[in-house]
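Colleague: below: sequence and its predicted model.
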Amino acid sequence: MLRRLNTYSDFLKHRFGGRLQKLTIDAGFTCPNRDGIKGSGGCTFCLNAAFNPSYCDPKKSVSQQLTEGIIFHEKRYRRATGYLAYFQAYSNTYAPLSKLVSLYEEALGVPGVKGIVIGTRPDCIDDEKLEYLSHLAERTYLVIEYGIESVYDETLKRVNRCHSFAETSAAIKATAQKGIYTGSHMIFGLPGESREDMLNSARVISSLPLYSIKFHQLQLFRGTVMAEEYAARPSDFNLFTENEYLEFMADYIEMLNPDFIIDRIAGETPPRYAVVRPWGPRYDQILAKFEKLLEMRETWQGKFSYNKSA
């Protein structure tokens with residue numbers, strides 16, 4: 001039976017012949033809106049500790065984090081066919097090329113690692129880095145994942161991104177033109193955006209040369225600037241309930257480019273970091289519920305998408 005959305009897990013199983021597990025790495029990077037180059041404090045919603053597993057520690061080498069991550073996952077989950085080294089914390093191209101080459105090559109040298117995924121910002125890439133990454137993509141599986149978060153400059157300014165959507169679009173196009181798998185990340189529920197605003201972004205995103213995309217509902221984490229904003233002005237926020245979000249996502253993917261691989265449709269919030277009570281179900285349960293909703297609605301990814309041949 002064909003699924004109603006293009007899932008990342010299915011793609012990886014088809015390409016590699018089995019399940020691949022991402023292993024998160026904290027390689028000690030920062031961001032230009034955090035270190036004072038463009039701004040300070042980082043994105044108002046950001047708390048990397050909420051996503052980093054216990055084995056992640058920038059004091060450890062990349063290879064040590066990966067080795068411990070493999071042991072962690074093999075104890076907790078079923079054994080994977082292989083692993084993807086996921087440079088996730090902060091902006092993982094924000095360093096001189098020589099340092100990046102050393103870190104990426106170290107990751108690829110760990111037994112069982114089949115490729116790398118690099119999370120970064122659109123203003124932390126340049127022609128020199130893209131040239132190296134294009135050659136790297138010829139010999140291993142490589143994804144460059146850009147944080148889009150929003151297509152609206154007013155929102156990007158409010159959350160202290162310190163770059164425009166035009167910069168995001170340009171970076172995605174430049175990366176894809178180099179033959180590199182280009183991924184992305186979107187957040188729904190950022191303050192100031194209406195449901196209509198968020199739905200309208202589907203057609204904007206669909207016109208980009210993306211390979212994969214992740215979707216997260218806005219998650220409010222303790223200790224962030226956005227948590228303080230929520231405490232001071234809760235009326236500025238329209239946080240989704242689980243059912244509201246799944247209905248919204250069903251509407252959204254109907255307009256989404258059907259060729260895009262969907263990495264995630266939602267995020268999980270560790271309860272100890274949550275400002276508001278998290279939904280509760282694990283991601284696999286959320287995804288199963290979402291797919292059942294698509295079936296009940298008799299809809300699918302790209303049902304109302306634009307005609308690419310037009």
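Modeller: Sure thing, it's come through.

Colleague: tell me where this structure has strands.
Modeller: Along the chain, counting by DSSP state E, strands occupy 20-25, 82-87, 113-120, 141-149, 181-188, 212-217, 261-264.

Colleague: mind putting those strands into JSON lines with distance to residue 45, mean neighbour count and mean pLDDT?
Modeller: C-beta coordinates here come from the backbone N, C-alpha and C atoms, glycine included. Listed next are those as JSON lines, based on distance: least, Cβ to Cβ, whole Å; neighbours: other Cβ atoms under 10 Å; pLDDT from 0 to 100:
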{"stretch": "strand 20-25", "distance to residue 45": "18", "mean neighbour count": "24", "mean pLDDT": "94"}
{"stretch": "strand 82-87", "distance to residue 45": "20", "mean neighbour count": "23", "mean pLDDT": "96"}
{"stretch": "strand 113-120", "distance to residue 45": "15", "mean neighbour count": "23", "mean pLDDT": "98"}
{"stretch": "strand 141-149", "distance to residue 45": "8", "mean neighbour count": "23", "mean pLDDT": "98"}
{"stretch": "strand 181-188", "distance to residue 45": "7", "mean neighbour count": "21", "mean pLDDT": "98"}
{"stretch": "strand 212-217", "distance to residue 45": "10", "mean neighbour count": "22", "mean pLDDT": "97"}
{"stretch": "strand 261-264", "distance to residue 45": "16", "mean neighbour count": "20", "mean pLDDT": "98"}
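
Colleague: let's have the ones you listed in TSV, adding distance to residue 278.
Modeller: Rendered in TSV, the data for these read as follows (distance: least, Cβ to Cβ, whole Å):
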stretch	distance to residue 278
strand 20-25	19
strand 82-87	22
strand 113-120	22
strand 141-149	20
strand 181-188	16
strand 212-217	10
strand 261-264	15
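
Colleague: mind checking which of those strands is nearest residue 171?
Modeller: strand 141-149 (6.0 Å; Cβ to Cβ).

Colleague: which of the strands of the chain sits closest to residue 32?
Modeller: Going by Cβ to Cβ, the one of those nearest residue 32 is strand 113-120, 10.8 Å.

Colleague: partner strands of the closest one, with direction?
Modeller: Next to strand 113-120 in the sheet, as set by DSSP bridges, lie strand 82-87 (parallel), strand 141-149 (parallel).

Colleague: what's the burial count for residue 276?
Modeller: A total of 12 residues lie near residue 276 under the criterion other Cβ atoms under 10 Å.

Colleague: and if you look at residue 28?
Modeller: Residue 28: 16 surrounding residues under other Cβ under 10 Å.

Colleague: against residue 224, how distant is it?
Modeller: 21 Å (Cβ to Cβ, to the nearest Å).

Colleague: quick one on the thing from earlier: so which of the strands of the chain gets nearest residue 249?
Modeller: Checking these against residue 249 by Cβ to Cβ gives strand 212-217 as the closest, at 6.7 Å.

Colleague: counting contacts, what elements does the closest one pack onto?
Modeller: strand 141-149, strand 181-188, helix 242-254, strand 261-264 (3 or more Cβ pairs under 8 Å, 6 or more residues apart in numbering; DSSP states H and E).

Colleague: hmm, back to that, who wins for proximity to residue 3 among the strands of the chain?
Modeller: Per Cβ to Cβ, nearest to residue 3 of the strands of the chain: strand 261-264, 10.1 Å.

Colleague: what lies in contact with that closest one?
Modeller: 5-8, 11, 183, 211-216, 253, 283, 301 (Cβ atoms under 8 Å, 6 or more residues apart in numbering).
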